[in-house]
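Colleague: Next input, structure requested:
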Amino acid sequence: MNGIAPIVGIVLSIVSLAISVIVGWLTLLRRGTLRMTQPVQIAFVYENGTKPKIFLRTLLYATGKRGYIIEGLYLKVKQPDSIQTYGFWGYGERDALMVAGGLRVTDEGVAYNHHFLKINDVSYFPEGNYEIAVYARLVNDKRPSLLMTITVALTKDEATRLHLQRGVLFTWNPESSSYHPSFEKKP
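Modeller: Below you'll find the model as predicted:
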């Protein structure tokens, strides 16, 4: 019996050390991944009446304690006949919108309104299906990270109404797992 006690103590010490190392790696050293929640609202609007802008409200968060620094977010909007990039990014609340030059995202997350404009382009939102891919450029990463792909659709009547009223607001319906458009005077 006396020979077993030291062996049990050594085994318990090794197991405790292994658990401490694993917990330390999972909580302090592991980077995790950058994630994004399903946007509750997406709006297609015209900035200053002519520039197409896409707005979305979402939470960005990291699955590890270390977090991430985003250099920039941008959208790739795919339609049957084109792919357009919305490369100008701003975030914040309506009265405190900031031109984005970086954003630190931790495991607690950050919820903002994100605004995206096309750079040097004036066009419109035609009818059809829109596949919106949200990309993040992270510090020290050569390739952008795809955070989420979102699909919305505009009928011909909705596209005309959007143009006349300068905007449409898509709201996520969890029961149907889809976005539903609504029109307001100032979305």
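Colleague: ok, now how distant is residue 60 from residue 78?
Modeller: Look at residue 60 and residue 78: by CB to CB, to the nearest Å, they are 22 Å apart. Backbone N, C-alpha and C define where each C-beta goes, glycine included.
Colleague: Neighbour count: the two, which is higher?
Modeller: Shown here are residue 60 and residue 78; by other CB atoms under 10 Å, residue 60 has more neighbours (23 against 16).
Colleague: a helix runs through the more buried one, doesn't it?
Modeller: No - counting by DSSP: H, G, I helix; E, B strand; the rest coil, residue 60 is not found in a helix; it is strand.
Colleague: how much space is there between the closest residue to it other than its chain neighbours and residue 85?
Modeller: Leaving aside its chain neighbours, residue 60 sits nearest to residue 105 (4.8 Å; criterion: CB to CB, 6 or more residues apart in numbering). Here the criterion is CB to CB. By it, residue 105 lies 22 Å from residue 85.
Colleague: The two: which is more packed in?
Modeller: Comparing residue 105 with residue 85 by other CB under 10 Å, the one with more neighbours is residue 105, at 20 against 15.
Colleague: Got the domain ranges for this protein?
Modeller: Domain ranges of the chain: 1-30, 34-182, per automatic domain parsing.
Colleague: Among these, show the one with the smallest mean pLDDT.
Modeller: Ranked by mean pLDDT, these bottom out at domain 1-30, with a mean of 79.
Colleague: The chain: helices as residue ranges?
Modeller: Counting by DSSP state H, the chain has helices at residues 4-24, 156-165.
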